[in-house]
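Student: fold the following.
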Amino acid sequence: MELPDLGRNCALSECNRLDFLPFKCPYCRLSFCEDHWRHANHNCARKDLVKDRQVPACPICGEVVATNPDEPPDAVIDQHINAGCRRKNTSGAGKSGKKSGSRGCAAKGCTTKTQAWTTCDSCRMRYCLKHRFTDVHDCPGLRASSVPNIIPARIRNPPAKKYAASTSATAAMADNSNKKTGFKKIKDSGCIFS
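Tutor: Numbering: from 1, shown residues only. Sure, this is the predicted structure:
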């Protein structure tokens with residue numbers, strides 16, 4: 001039984017092999033067999049796009065600007081600055097609808113530029129991944145609800161008499177453990193058992 005509608009032929013004219021799991025070239029978007037899907041193997045017509053993808057950051061506000069593979073990064077940065085960069089635009093919001101007054105990590109002295117932020121549950125401030133833990137960013141929310149207020153009073157301030165009695169009993173046991181005790185009927189014969 002033949003299945004003529006399944007799979008695709010390799011777009012390379014010399015090959016034209018029927019492949020049931022064809023690969024698509026990410027640059028020219030043509031379907032190729034396993035041997036020819038890489039841009040170097042089929043002499044891709046869009047070789048100019050075959051380079052490291054750059055994600056530029058704005059030199060004024062530090063915001064990372066998204067680009068398409070066929071756009072030069074310099075042109076995208078120019079468009080970003082002309083459209084209303086965060087530092088340039090002080091009205092509150094740019095054309096993207098994002099709040100222009102938002103800054104990066106709230107930790108003192110941190111200048112991390114990232115797209116991955118987290119909000120602290122205690123102080124409700126935005127931090128980078130390095131400063132996301134409360135003990136790392138010296139959380140003011142944690143200081144406000146300090147641990148001694150959470151612990152019940154009977155645990156914080158235990159009764160003094162109870163512990164004083166048990167301490168003296170422990171000391172008496174320690175004194176007794178240093179004394180030799182044993183059966184008095186058995187004489188010490190000097191034998192050593194191992």
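Student: break the protein down into its structural domains.
Tutor: 7-51, 52-89, 104-156 (automatic domain parsing).
Student: make TSV from those domains and add mean neighbour count and mean pLDDT to it.
Tutor: For the C-beta atoms, the positions are set from N, CA and C on the backbone; glycine is no exception. Listed next are these as TSV, based on neighbours: other Cβ atoms under 10 Å; pLDDT from 0 to 100:
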stretch	mean neighbour count	mean pLDDT
domain 7-51	15	84
domain 52-89	14	77
domain 104-156	13	75
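Student: does Trp37 sit in a helix, a strand or a coil?
Tutor: coil (DSSP: H, G, I helix; E, B strand; the rest coil).
Student: I meant to write Gly109 there.
Tutor: With three-state DSSP as the criterion, Gly109 reads coil.
Student: so it versus His39, what's the distance?
Tutor: Per Cβ to Cβ, to the nearest Å, Gly109 is found 44 Å from His39.
Student: check Cys120 too.
Tutor: 45 Å.
Student: the strands in this protein, which residues?
Tutor: 8-9, 18-19, 23-24, 31-32, 118-119, 126-127 (DSSP state E).
Student: can I get the ones you listed in TSV including distance to Asn43?
Tutor: TSV is the format used below for the strands of the chain (distance: least, Cβ to Cβ, whole Å):
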stretch	distance to Asn43
strand 8-9	17
strand 18-19	19
strand 23-24	16
strand 31-32	11
strand 118-119	46
strand 126-127	48
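Student: of all those, which one is nearest Pro56?
Tutor: In terms of Cβ to Cβ, the element of those nearest to Pro56 is strand 126-127, at 22.7 Å.
Student: hmm, who's touching the closest one?
Tutor: 102, 104-107, 110, 117-120, 137 (Cβ atoms under 8 Å, 6 or more residues apart in numbering).
Student: the same query, at a cut-off of 10 Å, please.
Tutor: For strand 126-127, contacts defined as Cβ atoms under 10 Å, 6 or more residues apart in numbering pick out 102-107, 110, 112, 117-120, 132-134, 136-137, 139.
Student: do the same with stretch 106-113
Tutor: 57-58, 61-64, 104-105, 117, 119-120, 123-132, 136-138, 140.
Student: swap in 8 Å and give it another go.
Tutor: Stretch 106-113 is contacted from outside by 57, 62, 64, 104-105, 125-128, 130-131, 136-138, using Cβ under 8 Å, 6+ apart.
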